[in-house]
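S.K.: sequence and predicted structure, then a few things I'm wondering about:
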Amino acid sequence: MQLVKQRLRNFKLSGIYNNLEERVSYAQEKSLSYGEFLGLLLEDEENNRRTNSYQKRYTRAKLPAHKNIEDFDFSFQPSIDKRIINDCLTCNFINEKRNIVFIGNPGTGKSYLSIAIGIKALMKGYKVLFTPVSEMLHNLNAAKADNTYYQKVDYYLKPDLLILDELGFKRLPGYSADDFFEIISKRYEKGSVIITTNKTFEQWGDIFTDNILASAILDRVVHYSTIIKINGPSYRAKDLKKGGGKL
């Protein structure tokens, strides 16, 4: 048995390695055929690799929190069409290289929903990356100083789903429009994007301080997009009131 386990370790078959002795006992108890026994071992290996893959992709996604869609209070935000959210959760939009844009005031659940969709995408085997817009633009600009700009651009192009959080929440520097356009234009029809923003489309020119580039960005984002506008109160304000705090 030790020789077999050593060979399994050498071949990096950790799913089989970790369950071998238990499976041998089970096979003897149930009088399984060689084929049935082998099938169980292969199932263990497949499940182990799937779990490891999810854990690696989850870490690389850099989600700021774990949000389950089952815990989202749709009754508090009746402006959200749950059917549209459920359609987004199928992740078909990723296969179709489509985008999602959440528009609403701070605290209305935009980031929560984007993270919940991101988790569903990870569960389905997709690569996901979450980043605040201001952080991405800062990283891109900093990369210009050490000639790693296009490596950093590639970093934001690789994921199947890129979640850009809080567009318009912070004032962006003048170079932002060029770098944001670089990412959006290269992902256009090649990779999906989720954007959360507290600004209407009419205000995007103010965000980037360049109406021409803002128009070009908007054209690529809105094309092939599902637009979800949330017209409701803040969850954080609700929780604060519930806890007896002051707004």
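M.R.: Yep, that arrived.
S.K.: please make it C-alpha for all contacts and neighbour counts, starting now.
M.R.: OK.
S.K.: need the phi and psi values for the residue nearest to Val24 when sequence neighbours are not counted.
M.R.: The spatially closest residue to Val24, leaving aside those adjacent along the chain, is Phe37, at 7.9 Å (Cα to Cα, 6 or more residues apart in numbering). Dihedral pair for Phe37: phi -60, psi -50, per degrees, to the nearest 10.
S.K.: quick check: the nearest residue in space to Gly125 that is not next to it in sequence vs Met123, distance?
M.R.: Leaving out its chain neighbours, the residue that sits closest to Gly125 by Cα to Cα, 6+ apart is Tyr54, at 7.1 Å. From Tyr54 over to Met123 the distance is 7 Å, taken as Cα to Cα, to the nearest Å.
S.K.: likewise Asn211?
M.R.: Distance of Asn211 to Met123, given as Cα to Cα: 39 Å.
S.K.: which residues are in contact with stretch 97-110?
M.R.: Residues outside stretch 97-110 that contact it (Cα atoms under 8 Å, 6 or more residues apart in numbering): 77, 93, 188-200, 221-222, 224-237.
S.K.: how about a cut-off of 7 Å?
M.R.: 93, 189-200, 221, 224-236 (Cα atoms under 7 Å, 6 or more residues apart in numbering).
S.K.: so which of these sit within strands?
M.R.: 192-197, 225-230 (DSSP state E).
S.K.: just to revisit the earlier point, close enough to count as contact, the residue nearest to Gly125 and Lys124?
M.R.: No. Tyr54 lies out of contact with Lys124 (Cα atoms under 7 Å); the separation is 8.9 Å.
S.K.: between the two, who's got more neighbours?
M.R.: Taking neighbours as other Cα atoms under 10 Å, Tyr54 and Lys124 compare with Tyr54 leading, 19 against 12.
S.K.: secondary structure element for that one?
M.R.: Under the criterion of DSSP states H and E, Tyr54 resides in helix 34-61.
S.K.: quick one: mean pLDDT for stretch 121-134?
M.R.: Averaged across stretch 121-134, pLDDT comes to 97.
S.K.: and for that stretch, what's in contact with it?
M.R.: Against stretch 121-134 from outside (Cα under 7 Å, 6+ apart): 54, 57-58, 60-63, 91, 118, 159-167.
S.K.: between strand 192-197 and the helix or strand where Ile183 lies, find me the angle.
M.R.: Assessed by DSSP H and E, Ile183 sits inside helix 176-187. Angle, helix 176-187 to strand 192-197, by axes from the mean of the first three to the mean of the last three Cα atoms, to 10 degrees: 150 degrees.
S.K.: any idea how far Leu42 is from the residue of the chain positioned farthest from its centre?
M.R.: In the chain, the greatest distance from the average C-alpha position (Cα atoms, centre = their mean) is reached by Ser31, at 44.9 Å. Applying Cα to Cα, the value for Ser31 to Leu42 is 18 Å.
S.K.: going through the contacts of stretch 97-110, which ones are buried?
M.R.: 93, 189-199, 221, 224-226, 228-230, 232-235 (16 or more other Cα atoms under 10 Å).
S.K.: just put the ones in strands among the contacts of stretch 97-110 in TSV and tack on pLDDT.
M.R.: Formatted as TSV, the ones in strands among the contacts of stretch 97-110 follow (pLDDT from 0 to 100):
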residue	pLDDT
Ser192	98
Val193	98
Ile194	98
Ile195	98
Thr196	98
Thr197	97
Ser225	95
Thr226	97
Ile227	97
Ile228	97
Lys229	96
Ile230	95
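S.K.: closest to Tyr112 among these?
M.R.: Thr196 (10.0 Å; Cα to Cα).
S.K.: my read: that closest one touches Gly168, true?
M.R.: No. Judged on Cα under 7 Å, Thr196 makes no contact with Gly168 at a distance of 9.0 Å.
S.K.: roughly how far apart are Lys127 and Ala216?
M.R.: From Lys127 over to Ala216 (counting by Cα to Cα), the distance is 27 Å.
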